[in-house]
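*Asks:* Below: sequence and its predicted model.
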Amino acid sequence: MNPQRLRAYTYLLLTAAIWGIAGPVIKFTLKGIDPLPFISYRLAISAVISIIFFILKIKRGKKFRQLMTHLPLVLLYGFLAVPAALGLLFVGLDNTTVLDLTLIGIIGPIVVLLGGALFFHEHITKKERVGITIVLIGVLLNSLFPIIKSEGIRLTANILLLSYLIVDSSSILIAKKLSRYKIKSANLTNLAFITGALTLLPITIITYGWTDFYLQISTLPLKYHLGVWYMAIFSGSLAYYLFVRAQQSIEVSEAVLFYYLQPVITIPLAIFWLKESLSTSFVIGAIIIAVGLFIAESKKRKAKAA
């Protein structure tokens, strides 16, 4: 294995671990602060870090020519990856379970795989199409199960999570395209956080008023502040940088496969820390999804072995 690919795998393993913890951290922190102030506070921290990053770069004479040349696409990435995707994630997770998020999140790589086939001409085999169909059935079963139990709020939240995955996957495809223009991942992710803060902070202040927004943050217990800072520094600046950097060395369809490692961390935390229980729909959905993933990925494993 060449050093660049090995480094990419290391970055993706770290990202999977960080984002595997992120779901439970978000759900826990939402007990102390509303979704919109939470995400705005989190983006304000990331934006300050990003502004310092660019100031230091400018002082060292950096011109950011590629970044400015493709600025419209860069700003679109920033909007989709940060305020749009994270806004849907935080609001959705506030009214559903981390376990639901875990199963719904499985379709993220599938959306990216389909996008890679459409925009980057990556081939999808017949086995992959069958596996993808089975996975989608499992995800939809779990996502729409609240209809049976008349849980309208949870159903709406699950639909928001599905929307989040579509938006997030779109941003991943744009990031892959931008990496081909030799735009550095650090520049891309830091500008995205500034874009997110400039988008959501005014909305939060208008919605809550400056006084209420300030009080929610200033009176927040330390344990919830730690959750926000984890999301800003580790799940934000560090993980986004590592993920975009890794995509420069491997195929986008291969990079997103590391998403499947996140449940290994997320599910135990949801059960033992957040005290969530495994529902019948979750178990059935998980079995169906596992079968679909096995079918979709089996040919890849055989090809690599050969």
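*Replies:* Cool, got the structure.
*Asks:* can I assume residue 191 is in contact with residue 79?
*Replies:* No - with contacts counted by Cβ atoms under 8 Å, residue 191 stays clear of residue 79, the gap being 10.8 Å. All C-beta spots, glycine's among them, are computed from the backbone N, C-alpha and C.
*Asks:* And these two? Which one has more around it.
*Replies:* Ranked by neighbour count (other Cβ atoms under 10 Å), residue 191 and residue 79 place residue 191 first, with 22 against 17.
*Asks:* so what's that one up against?
*Replies:* 50, 54, 67, 74, 75, 78 (Cβ atoms under 8 Å, 6 or more residues apart in numbering).
*Asks:* Got a PyMOL select line for the buried ones in the residues you listed?
*Replies:* Of the contacts of residue 191, the buried ones go into a single PyMOL selection, burial set by 16 or more other Cβ atoms under 10 Å:
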select buried, resi 50+54+67+74+78
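*Asks:* Among the contacts of residue 191, which one lies nearest to residue 210?
*Replies:* Using Cβ to Cβ, residue 50 comes nearest to residue 210 of those, at 22.7 Å.
*Asks:* Give me the distance between that closest one and residue 78.
*Replies:* Shown here: residue 50 relative to residue 78, a distance of 10 Å by Cβ to Cβ, to the nearest Å.
*Asks:* and if you look at residue 216?
*Replies:* On the measure of Cβ to Cβ, residue 216 and residue 78 end up 25 Å apart.
*Asks:* cool, residue 228 as well?
*Replies:* 20 Å.
*Asks:* Let me see the contact set for residue 181.
*Replies:* Residue 181 makes contact with 66, 69, 70 under the criterion Cβ under 8 Å, 6+ apart.
*Asks:* does the first one really touch residue 183, like I thought?
*Replies:* Yes - judged on Cβ under 8 Å, residue 66 makes contact with residue 183 at a distance of 4.9 Å.
*Asks:* For residue 166, grab the count of nearby residues.
*Replies:* As a measure of burial, residue 166 has 15 neighbours, counting by other Cβ under 10 Å.
*Asks:* ok, now residue 100?
*Replies:* Count around residue 100 with other Cβ under 10 Å applied: 26.
*Asks:* So for it, what's the pLDDT?
*Replies:* Residue 100 carries a pLDDT value of 83.
*Asks:* Can you name the next helix or strand after the helix or strand containing residue 23?
*Replies:* Under the criterion of DSSP states H and E, residue 23 resides in helix 3-29. The helix or strand immediately downstream of helix 3-29 is helix 35-59, counting by DSSP H and E.
*Asks:* Sounds good, over and out.
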